[in-house]
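1. okay, structure incoming, though there's no sequence with it:
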């Protein structure tokens, strides 16, 4: 499989998709690929506007919003690349299920269709949506994701604690998940970081400060570079 999983699209003060742009260029080899963009996670932005925003940021790709396709399954079958934008993960899952796209998308990615996702789009690649940060504003029929990676991602991960704030930290929320699902692994992916999946290998790039969480052991900082052995050895 061939995946580029970004924690986020944009860093403060930078242009849209600026920080990961070189990674996306390298991933796509700057080829004019027929690209299906899935904007379903967008809630406060219309699907057309979201698609146009991505088209402007990645002009070498031939991007079509899947919501505009006459036949969405045919569009997915003919695609050379799929991009799933961020937003609300619950809404993304709900609409993918309603359109009957979850299984066909999984099959295409497993067959080698290159996949780029950020935030909710990266959550989609996981076994399930369990480690999203989003409000459950929509009710998907299932929490099952594409399950094309063997671990969960928590995007926008931070260890920051707000002064005089009594709510749980991100690490505490991940610990709650692992209490309920002790066999799972979670990667806390900080903003500006990404994971490349290629030929069964996992590579961590971008910003440092990423962590791996497992039940019964203290969280560990992840090194940059090849993290395949760390992720696949429980």
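-> Received, thanks. Note that the structure is a prediction, hence the values are computed from the model and not measured.
2. where in the chain is pLDDT low?
-> Residues of the chain meeting the criterion pLDDT under 70: 234.
3. go ahead and flag the most central residue of it.
-> With distances taken as C-alpha atoms, centre = their mean, residue 122 lies nearest the centre of the chain, 0.7 Å away.
4. could you check how far the helix or strand residue 23 falls within is from the centre of its chain?
-> Using DSSP states H and E, the element containing residue 23 is helix 21-28. Taking C-alpha atoms, centre = their mean, to the nearest Å, one finds helix 21-28 lying 16 Å from the centre of the chain it belongs to.
5. which positions in the next helix or strand after it come out as buried?
-> On the C-terminal side of helix 21-28, the nearest following helix or strand under DSSP H and E is strand 34-38. By neighbour count, with 16 or more other C-beta atoms under 10 Å as the criterion, the buried positions of strand 34-38 are 35-38. From N, CA and C alone the C-beta is placed, and that goes for glycine too.
6. could you dump these into a markdown table with distance to residue 223 added?
-> What follows is those, written out as a markdown table (distance: C-beta to C-beta, whole Å):
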| residue | distance to residue 223 |
| --- | --- |
| 35 | 32 |
| 36 | 34 |
| 37 | 33 |
| 38 | 32 |
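7. show me which of the residues you listed is closest to residue 201.
-> Taking C-beta to C-beta as the measure, residue 201 sits nearest to residue 35 out of these, at 23.9 Å.
8. surely the closest one and residue 61 touch.
-> Yes: taking contacts as C-beta atoms under 8 Å, residue 35 lies within contact range of residue 61: 4.5 Å.
9. anything in contact with each of these two?
-> By the contact definition C-beta atoms under 8 Å, 6 or more residues apart in numbering, residue 35 and residue 61 are jointly contacted by residue 81.
10. please report phi then psi for the closest residue to residue 200 other than its chain neighbours.
-> Leaving aside its sequence neighbours, residue 200 sits nearest to residue 228 (C-beta to C-beta, 6 or more residues apart in numbering; 7.5 Å). Taking degrees, to the nearest 10, you get phi -60, psi -50 for the backbone angles of residue 228.
11. what packs against the helix or strand where residue 5 lies?
-> Secondary structure assigned from DSSP H and E places residue 5 in strand 2-6. Using 3 or more C-beta pairs under 8 Å, 6 or more residues apart in numbering; DSSP states H and E, the elements in contact with strand 2-6 are helix 21-28, strand 115-118, helix 120-124, strand 193-198.
12. nice, that's everything, thank you.
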